[in-house]
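Enquirer: Take this sequence and fold it.
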Amino acid sequence: MKKLAIALFAATLVACSDNKNVVTPLLTVPGTFNLQTINGSPLPFTFSDGTTLNSDVLVLADDGTFTETMKVADGRVFVDTGVYTVNGSAINFVDETAGFSYGASINGTQLTAVFPNGLTEVFLKQ
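Expert: Predicted coordinates for the structure are as follows:
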């Protein structure tokens with residue numbers, strides 16, 4: 001009985017403490033993201049080789065895999081797949097289709113990816 005009273009007293013102290021440490025919720029990374037800009041320019045975006053990207057949808061699955069579907073102006077569709085890992089707000093992608101890795105960060109519903117070729121893509125979560 002004495003142990004129960006001490007445990008209840010300790011729980012009351014914890015519940016009433018003025019702890020200013022704020023615990024932030026974990027980021028919910030999995031979801032569907034739509035590409036908004038490349039290097040600050042909205043879609044459609046024309047690359048230096050003349051290819052025009054009309055849309056790009058990135059789907060991050062709960063199991064750490066991703067699928068990216070890119071549609072270009074001439075009707076072709078490209079699909080890349082791979083894996084990703086999350087460390088805080090940083091995301092590391094390994095594109096197994098294209099054969100390279102790149103980094104990204106997430107802030108709320110915005111995912112910003114920086115590619116080895118210097119392109120920066122900004123996606124928004126649906």
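Enquirer: got a list of what Asn92 touches?
Expert: Shown in contact with Asn92 (Cβ atoms under 8 Å, 6 or more residues apart in numbering): Tyr84, Thr85, Ser101, Tyr102, Gly103, Ala104. C-betas here are computed from N, CA, C, even on glycine.
Enquirer: try 6 Å
Expert: The contact partners of Asn92, taken as Cβ atoms under 6 Å, 6 or more residues apart in numbering, are Thr85, Gly103.
Enquirer: mind checking which helix or strand it is in?
Expert: Using DSSP states H and E, Asn92 sits in strand 90-95.
Enquirer: which residues in this protein form strands?
Expert: 31-38, 41-42, 45-46, 52-60, 65-72, 77-87, 90-95, 100-107, 110-114, 120-125 (DSSP state E).
Enquirer: As JSON lines, the ones you listed with mean pLDDT would be great.
Expert: What follows is the strands of the chain, written out as JSON lines (pLDDT from 0 to 100):
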{"stretch": "strand 31-38", "mean pLDDT": "98"}
{"stretch": "strand 41-42", "mean pLDDT": "98"}
{"stretch": "strand 45-46", "mean pLDDT": "98"}
{"stretch": "strand 52-60", "mean pLDDT": "98"}
{"stretch": "strand 65-72", "mean pLDDT": "98"}
{"stretch": "strand 77-87", "mean pLDDT": "97"}
{"stretch": "strand 90-95", "mean pLDDT": "98"}
{"stretch": "strand 100-107", "mean pLDDT": "98"}
{"stretch": "strand 110-114", "mean pLDDT": "98"}
{"stretch": "strand 120-125", "mean pLDDT": "98"}
